[in-house]
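Chemist: The following block contains a protein sequence and its predicted model.
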Amino acid sequence: MRTLTTDVLVIGGGATGAGALRDLALRGIRCALVEKGDLTHGTTGRYHGLLHSGGRYVVKDPQSAEECARENEILRKIMPHCIEETGGLFVVTPADDESYAERFVAACHRTGVWVEEIPVREALRREPLLNPRIRRAFAVRDGAADSFLATHANTDDARRYGARVLTYHRVIGLERVGDRMIGAVCEDLRSGETVRIHASFIINATGAWAGKIAAMAGLHIHVVPGKGTMIAMNHRIVNTVVNRCKMPADGDIIVPIHTVAVLGTTDIPVPDPDGYDMTPEEVQLILEEGEWLVPGVSRMRALRAWAGVRPLYREQDAGSDRDIPRTYKLLDHETRDGVAGMVSIVGGKWTTYRLMAEHTVDLVAQRLGVTTPCRTADLKIEPSHDGAATAPHSPARAHFAILASPFYQLGHRLAEVEADDSYGDLICECELVTRAHLEAAIQSDGTANLDDLRRDTRLGMGPCQGGFCTYRAAAIWHELRDGAAQANGASGVAPATALLRHFLQERWNGVTPTLWGDQLRQERLNELNYLETLAVDRLPETGADAIGRKRDIVVEEVV
Amino acid sequence: MRTTIVIGAGLSGLMGALALAEAGLHPLLLAKGQGATHWTAGTIDVWGADARSPYAALRAISETRPHHPYALIGVPAVEEAIARFRALTEMARYPYVGGLECNVLLPTAAGALRPAALLPVTMAAGDVRLGGKVLIAGFRELRDFYPPFIAANLAAQGIAARGTYLTVPSAFRRREYTTVIFARMFDDPAFRSDIGRQLRAQRGDATRIGLPAVLGLRDPLEAVAHLQNESGAQVFEIPTLPPSVPGMRLFALFQNAIEQAGGRLQIGSDVIRGEGQSHRLTSIWSEAAARQQEHRIERVLLATGGIAGGGIRTDHAGIVRETALDLPVRTPANRAGWFAPRFLDPQGHAIYTAGVVTDARLRPLGADGKVVYENVAVAGATLAGADTVRERSRSGVAIATGWAAGRMLAGLMS
């Protein structure tokens, strides 16, 4: 048993938790964050990547719209390297009620959401694949955000101010003495060790999991995990975020992000944030609705589908999921439940994560008697050089430092590959991940499997979906990390073999809902690679895995 | 005007074209692009789903699974195809060894052991039964071959293996390396001499050395012999991810044999439709460079592959089509059952058994069980009834049905 003492413990390594950690650290408050998986492992890493202009909520949820509009401008200023200024369009398709457009414009004016009507011809010039039968088009300040990069940027900056980040630490109990929370007990999933964390205050920033965490303190929060399914297409079919101009509903948005475009989304309440499936009907529905925006989209090549769970908070009965406000809610358990030393922050959007963190930390600071004001709205987040902050020094690091970040956009990567003439070092050709990127990410602290590398580097996220790079990354991992494990007396197949199988399965979970046409053809080639040529199915099962991880971490998400 | 057409340049199309050419029918082989030879290991896998010998499995299948491609053509036809294939590779001085009596287990680039019935002699020293210590050697510059990983996994299965990296001699260094670039370098005796010396220095007490399957395109037997002389150990090739050098050798060997026998290959022609009447196909249309061309035909061998090859195609609504002639296709009953939850499920994924149903003469059948075209035969992965990747029978089914389809279309087999 290890023991750790801090002032504020943040539970949850998504956007909100990372934002709260940075805010605390900037105010000089001692803090630590625990996350049961990798950073962004939950909803943050599974959303479409929209930086809201607010337009989506102007009519239905004006408070959320106002928050989005303000935060949109702040995020562009404090972390421009995480945001692509794509701009956004709201278009009235032949299937949409034309009268909504007037309400939309009026509500934009009321809520301070910038909007400008542009001629349909101009919209079609910007986005040639857009439905030529649209009747009106409105430009807004939507953007695309890299939520992986942004979360890491927050935690890295927090670390510079002394914060600690513990990934693969699962909270197994909260410690309460009378009416006061005094800490948490975690399990380090890599070593199996129990870690007790003493803290004066706990911030529950676990989103859809907030109810589960609160229950450990004997508190009740009614969170309704709202499942949203998304589909990544194999290229940027649009370069602008495109929304249907109507009340938010299923399948009415396309977000261009990095090399792909994401069609979203659905909203289905699920009982458990850890157990939900995508159905073929959802995928079908999103494609059919997508036809109104981009005719022919259902015949284009879809790469992958996935679902995330929104952390919707239900105070009283609402009709359906979509009727629950998208604004956030800070629950002060002292005033609400008579239990001091803990707050829960639920609801909200990625776009408002900073505001949620500010609001939360304001309350926590006040309780701790700290008067330093919030600075996150003004202080720019420097691009992190991380894995580097904690990675052992290696030749790859020096090379790596040229990049602002390992999580950078493809255009930067291409420029770098061209400048270095490093085509021969590309391990993932689809996403331009070089051996140097990969090695730095493998060696960075907290990386536990190939799926973490995917979140860090975009490995395997392109059109071939890991057909070649899964094998390469596993073998390189073996060379860098298995040695130590095997020196410790581990026997059996190379530990990286388990990571290879795990990644193949993770990939499979994502690709099956969209397998037809060319993508199914690609998948069959991947079968030829992994079954016929490499025969990975014939390798013996791995025994206890020796990097100090327990096996469940590797097989956790296997269906 | 050539009136005997083979569609598809994978193993089944090549084997069929050879049979038709040898029958004096001057076939024209049309293919959209390179076939599966270029993507796969280059061994002939007849059966490897279980511990049975290929021969025992063939006999059992022909009794218990009447719709399996092997059962349709029968064991003697499979044996005939295997014999012809072996003779062909011997003539071409790139002989395949092994047979149907038992599988050989060969190391893969992941350090697993995969079964093969026939293998190019350049891979023969990989046979795990040979014993002794093994050195796995590769190049850091080659992204698809990792000796330490391979050796660790072989060692975990009781094979005394060690991995090492070799250095590309300075005179041969370049910006980018692929399997094909390495194969061309291994064609050069100066490159081989240098590599051979490095192998001798590093081999220690290893008696066998495994290298990536890139040991030359021109004369791989000569390359292996040269490396064995220099290193003092037996040398063998381990197949890599695509592009496959052994597969390219195989393609070149077939191309040569087909052309010698009076056939012709035209790669880059996509067959897009056919037209026929009263159960005979009369014309097909191919497309190249956006121009369509009609071919009046007497007989067609359809070997366009399955889902990987592009011969069978699905769409988002769950419709499954045969892409060249729009023949009827048998598909799994429900869309939701196309895929098993586990990627590596030993039963495979149902969609991959979709394909064209035929009679025993490999003529396509409609849903009514009647022959659609009497002058068309179907071979290889386009056939329904087997997931040949899971069975590890893909290349075996390809050469057996390709040969049988060609012989039957030529009227030489019934």
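Modeler: Sure, I can see it. Residues are numbered from 1 along each chain as shown, chains lettered A, B, ... in the order given.
Chemist: Can you give me the domain boundaries for chain A?
Modeler: Annotated domains of chain A cover A:2-43+A:148-222+A:326-368, A:53-142+A:225-308, A:395-555 [automatic domain parsing].
Chemist: do you know which of those lies nearest chain B?
Modeler: Closest to chain B of the domains of chain A, according to C-beta to the nearest C-beta: domain A:395-555, at 3.4 Å. Any C-beta I mention is one placed from the backbone N, CA and C, and that applies to glycine too.
Chemist: Does chain B have contacts with stretch A:413-425?
Modeler: Yes: Stretch A:413-425 reaches chain B (C-beta under 8 Å from any C-beta of the partner chain) through A:Asp421, A:Tyr423, A:Gly424.
Chemist: can you list the domain ranges for chain B.
Modeler: Taking automatic domain parsing as the criterion, chain B consists of the domains B:4-94+B:247-409, B:109-238.
Chemist: How about the secondary structure of A:Gln519?
Modeler: Following DSSP: H, G, I helix; E, B strand; the rest coil, we place A:Gln519 in the helix state.
Chemist: Kindly provide the distance from it to B:Leu106.
Modeler: Separation of A:Gln519 from B:Leu106 (C-beta to C-beta, to the nearest Å): 31 Å.
Chemist: Give me the number of neighbouring residues for B:Gly411.
Modeler: Other residues within reach of B:Gly411, judged by other C-beta atoms under 10 Å in any protein chain shown, total 10.
Chemist: Next one: it from B:Pro341, what distance?
Modeler: Distance of B:Gly411 to B:Pro341, computed by C-beta to C-beta: 48 Å.
Chemist: Ok, B:Pro242 next?
Modeler: Distance, B:Pro242 to B:Pro341, by C-beta to C-beta: 27 Å.
Chemist: what do you get for A:Ala158?
Modeler: Counting by C-beta to C-beta, the gap from A:Ala158 to B:Pro341 is 39 Å.
Chemist: cool, and A:Thr240?
Modeler: To B:Pro341, A:Thr240 is 37 Å away according to C-beta to C-beta.
Chemist: Could you do A:Ala107 as well?
Modeler: Distance, A:Ala107 to B:Pro341, using C-beta to C-beta: 45 Å.
Chemist: thinking again about what came up before, A:Gln519 and B:Leu106: which has the busier surroundings?
Modeler: Between A:Gln519 and B:Leu106, counting by other C-beta under 10 Å, B:Leu106 is the more crowded of the two (26 against 21).
Chemist: I'd say the more buried one and B:Asp127 touch.
Modeler: Yes: counting by C-beta atoms under 8 Å, B:Leu106 does reach B:Asp127; the two are 6.9 Å apart.
Chemist: picking up where we left off before, so which of the residues of stretch A:413-425 next to chain B are in helices?
Modeler: Among these, DSSP state H puts none in helices.
Chemist: Same list, the residues you listed, but as JSON lines with pLDDT please.
Modeler: Converted to JSON lines, those look like this (pLDDT from 0 to 100):
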{"residue": "A:Asp421", "pLDDT": "82"}
{"residue": "A:Tyr423", "pLDDT": "83"}
{"residue": "A:Gly424", "pLDDT": "83"}
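Chemist: Highest neighbour count among those residues?
Modeler: Ranked by neighbour count (other C-beta under 10 Å), the residues of stretch A:413-425 next to chain B have A:Gly424 at the top, with 17 neighbours.
Chemist: Count the neighbours of B:Ile82 for me.
Modeler: Neighbour number of B:Ile82 under other C-beta under 10 Å is 23.
Chemist: Would you mind measuring from the nearest residue to it once chain neighbours are set aside to chain A?
Modeler: With C-beta to C-beta, 6 or more residues apart in numbering or on different chains as the criterion, B:Ile82 has its nearest non-adjacent residue at 6.6 Å, and that residue is B:Leu100. Applying C-beta to the nearest C-beta, to the nearest Å, the value for B:Leu100 to chain A is 19 Å.
Chemist: Hmm, B:Leu100 is touching B:Arg86, no?
Modeler: No: the criterion here is C-beta under 8 Å, and B:Leu100 misses it with B:Arg86 at 10.9 Å.
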